[in-house]
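> sequence plus predicted model, see below.
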Amino acid sequence: MAKEIAFKIKLQAKGGQATPAPPIGPALGQHGVNIGQFVSQFNERTKQMNGTIVPVVIAVYRDKSFTFEVKSPPAAVLLKQAAEIVKGSGVPNKEKVGKVSVEQVRKIAETKFKDLNAYDLEQAEKIIRGTARSMGIEIEDSV
């Protein structure tokens, strides 16, 4: 018989650099999860994403054990890395803060594909283009 899930917790943490400090410690502690065990397993599984913010969904069972699934980094984080900017524009329709190439958009769409609500890569690219537009990042079409 499968274990019964008591809670699902969604968090975002830096890959390979999670600590028991907030937001992880309080979120897990209130459900009785072993925080140190989660942090060590999470850091081990995400060490190749060193410093990149990654979402994680933690399933906490009735016996206080847990499993977790690491998702791909948010599109905004990947776009900021590709454009080499610190943050998006406050006025994206007037003030552009960076540029990314079509190839970079395609690579981000491939990375995010399994977590996006898209049937094919072309639709995933449109989602990433929309995110870039809302952040004030221009997409350079290669000629």
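Arrived safely.
> show me what counts as buried in the strand or helix carrying Thr67.
Using DSSP states H and E, Thr67 falls within strand 66-70. Of all the residues in strand 66-70, those buried under the rule 16 or more other Cβ atoms under 10 Å are 66, 68. From N, CA and C alone the C-beta is placed, and that goes for glycine too.
> centroid-nearest residue for the chain?
Pro73 (2.5 Å; Cα atoms, centre = their mean).
> ok, now which ones touch the nearest residue to Val91 once chain neighbours are set aside?
Leaving aside its sequence neighbours, Val91 sits nearest to Gly136 (Cβ to Cβ, 6 or more residues apart in numbering; 7.3 Å). When contacts are counted by Cβ atoms under 8 Å, 6 or more residues apart in numbering, Gly136 is found next to 88-89, 91-93, 95-98.
> are any of the residues you listed buried, and which?
Among these, those classed as buried by 16+ other Cβ under 10 Å are 88-89, 97-98.
> which one of those residues sits closest to Glu44?
Gly88 (31.5 Å; Cβ to Cβ).
> pull the contacting residues for the closest one.
76, 80, 97, 134-137.
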